[in-house]
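Chemist: okay, sequence plus prediction incoming.
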2 protein chains.
Amino acid sequence: MLTKEQLIEYSEDARKNYLDHISIDCVVFGFHEGQMKVLLLLPHDENKWLLPGGFVQKQEPIEMAANRILKERTGLDKIFLQQFHIFGDPDRAKFHHDLYKETVPDEQNWFAKRFLSIGYYALVDFFGVVPQPDQFSETCTWRDLDDMPEFLLDHELIFKTALETLRVQLSYQPIGYNLMPREFTMPELQKLYETILDKKLDRRNFQRRILGFGILNRAEQPRKGGAHKAPYLYSFDLEKYQNALTEGFKGGW
Amino acid sequence: MLTKEQLIEYSEDARKNYLDHISIDCVVFGFHEGQMKVLLLLPHDENKWLLPGGFVQKQEPIEMAANRILKERTGLDKIFLQQFHIFGDPDRAKFHHDLYKETVPDEQNWFAKRFLSIGYYALVDFFGVVPQPDQFSETCTWRDLDDMPEFLLDHELIFKTALETLRVQLSYQPIGYNLMPREFTMPELQKLYETILDKKLDRRNFQRRILGFGILNRAEQPRKGGAHKAPYLYSFDLEKYQNALTEGFKGGW
DNA sequence: AACAATGGTGTATAAAGTACACAATTGTAA
DNA sequence: TTACAATTGTGTACTTTATACACCATTGTT
């Protein structure tokens, strides 16, 4: 919890630098050990969580603001970002409004007002991320998609909307370049799809379909060393991948 | 063009009532005589056009704001509205900023600042609309989709993004209930799809596919009176239609 | 050497999408 | 009244895509 003085100082700065009434919240997806992960923050003295977020500087494009915010939380630059919704319920920030109302008058509390939050989701390389809490938070860490904690504010709604959007996007655009390591096996990629869609896919049909998109290159040598039969390694053909992003696929899983 | 006094008065009111930095712009689609139409405003003393838009009241949910704005321009209530993007380029409002800068100082001009605009698109019954210009506009009128005029600000981008979104939506959701009259013929509905997608569809395959969705009821009696063979009349089965909206279709056209 | 676990590949069937042709109705022009 | 053009209704063959399913190959373990 911030002291009264810290909050007032932050509020003064914010008023100078940021657009009023606008915030950004990001749902950052990563993939590791066959598990979909989401980057979350645990505020000081709280047991409910928040999505990484921030505000838009007065002369900053919103996409750039989202990038800046995520760079602060992850260390990553040039993140794959997708704006997906704006959340504008007047009561959505009730938590922040109530939190300090005894100690700091509303006029001096940047958080004690209505914010519209622009939702972005991001797909990032799990290993590239160095989670970094902000000044309001105790920890910043990955949480498993199938073991999400309770959220503050309306961040559960934002998270769920992002996941739905990602699922829809999966049906008409390729996904994976930002989430998989450079080289990966077909079963590993399939696991990603199964995790996002939360259902089993047929191994053989999955392979045929994915390869049919023509966005993968197969390495000469299979992966060695593991137990069992050595699987082939694949990597994304970036040019064709980008093209498929623009053109879009057809059909759904 | 407003007088200096009018602008200053409007600005004072706006500052009191509306959220800073937030605007809403709407792309209103209608369908009439086989033509897709978009509702546009021509500002006073201008030859370029604007989308109907407005601002969000301090304690108003944004969806309600969009409804209120469209009710003022169309007379319609309970419009089918879909939020599709937020436009946040810092320079997007340069036109409004420059327009009055000689006569009214920026601090007193509500428009002379940065706005983020929330884009909504609407599908409405052409005959239900009574276009009503706002105080800044000379006229409010339908324009043909294939004969769009030049736009002010970034409204061409907003319009084009809306159209793209509508096309994508067409592939996985039913469209038409809000745009067609209660009863219509299959060729009429096909024309709507062809207009939105801007391509010809096969008459027989279209019919099979649409009927396959199971969201249409066929009337007992064909339409009489016209030249040529009397076509059957169809209407949407509202329950199944709503269901399809929630569930979504598969595949693309 | 047999086995369990994993990965690669092919084939048969069902469903969906596409291309295409002919018959029926109605007003109009000869 | 009759031939014709325009429009609508319907069916069928073919192609592509999706789905279900089985067998073999490789590798470490027992």
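Modeler: Perfect, thanks for sending it.
Chemist: all strands of the stretch 151-253 of chain A, in order?
Modeler: For the stretch 151-253 of chain A, the strands defined by DSSP state E, counting those that start in this stretch occupy A:216-218, A:234-236.
Chemist: so which of the ones you listed gets nearest chain B?
Modeler: Ranking the strands of the stretch 151-253 of chain A by proximity to chain B (C-beta to the nearest C-beta) places strand A:216-218 first, at 22.3 Å. Where C-beta positions appear, they are placed from N, C-alpha and C, glycine not excepted.
Chemist: coming back round to it: so which of the strands of the stretch 151-253 of chain A is the most packed in?
Modeler: Neighbour counts (mean count of other C-beta atoms under 10 Å in any protein chain shown) averaged over each of the strands of the stretch 151-253 of chain A peak at strand A:234-236, with a mean of 20.
Chemist: packing partners of that strand?
Modeler: strand A:216-218 (3 or more C-beta pairs under 8 Å, 6 or more residues apart in numbering or on different chains; DSSP states H and E).
Chemist: what residues does the strand it packs on touch?
Modeler: A:210, A:232-237 (C-beta atoms under 8 Å, 6 or more residues apart in numbering or on different chains).
Chemist: A:Arg223: how many residues sit nearby?
Modeler: 14 (other C-beta atoms under 10 Å in any protein chain shown).
Chemist: any buried residues in stretch A:146-158, and which?
Modeler: Residues A:151-156, A:158 are the ones in stretch A:146-158 that count as buried (16 or more other C-beta atoms under 10 Å in any protein chain shown).
Chemist: same check, this time on stretch A:121-132
Modeler: In stretch A:121-132, counting by 16+ other C-beta under 10 Å, buried: A:121-126, A:129, A:131.
Chemist: CA atoms of that stretch as CSV?
Modeler: Output in CSV follows, covering the C-alpha atoms of stretch A:121-132 (Å, rounded to 0.1, in the frame of the first residue of the first chain):
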residue,chain,number,x,y,z
TYR,A,121,-3.6,-8.9,-25.5
ALA,A,122,0.0,-9.9,-26.2
LEU,A,123,1.7,-13.1,-27.3
VAL,A,124,5.2,-13.3,-26.1
ASP,A,125,8.2,-15.7,-25.8
PHE,A,126,8.1,-17.1,-22.3
PHE,A,127,11.9,-17.2,-21.9
GLY,A,128,12.3,-13.6,-23.1
VAL,A,129,10.3,-12.2,-20.2
VAL,A,130,11.8,-10.9,-17.0
PRO,A,131,8.7,-10.1,-14.9
GLN,A,132,9.1,-6.8,-13.1
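Chemist: now do that stretch: distance to the chain's middle.
Modeler: Relative to its parent chain, stretch A:121-132 has a centroid offset of 8 Å by C-alpha atoms, centre = their mean, to the nearest Å.
Chemist: wait, does that stretch contact chain B?
Modeler: No. Counting by C-beta under 8 Å from any C-beta of the partner chain, chain B is not contacted by stretch A:121-132; separation bottoms out at 14.2 Å.
Chemist: pLDDT of the top strand by length along chain A, averaged?
Modeler: Taking DSSP state E as the assignment, the strand of chain A that covers the most residues is strand A:18-32. Averaged over strand A:18-32, pLDDT sits at 97.
Chemist: what does stretch A:119-131 give?
Modeler: So the average pLDDT for stretch A:119-131 ends up being 97.
Chemist: swap in stretch A:174-186?
Modeler: Mean pLDDT, stretch A:174-186: 95.
Chemist: hmm, that stretch in reach of DNA strand C?
Modeler: Yes. With C-beta under 7 Å from any atom of the strand as the criterion, DNA strand C is reached by stretch A:174-186 at A:185-186.
Chemist: neighbouring contacts of that stretch?
Modeler: A:29-31, A:79-80, A:123-127, A:166, A:169, A:188-189, A:192-193, A:196, A:206-207, A:210, A:213, A:215, A:219, A:223, A:231-236, A:238, A:241, A:244-245, A:249.
Chemist: can you say which of those residues are buried?
Modeler: Using 16+ other C-beta under 10 Å, the buried ones in the contacts of stretch A:174-186 are A:29-31, A:79-80, A:123-126, A:166, A:169, A:188-189, A:192-193, A:196, A:206-207, A:210, A:215, A:233-236, A:241, A:244, A:249.
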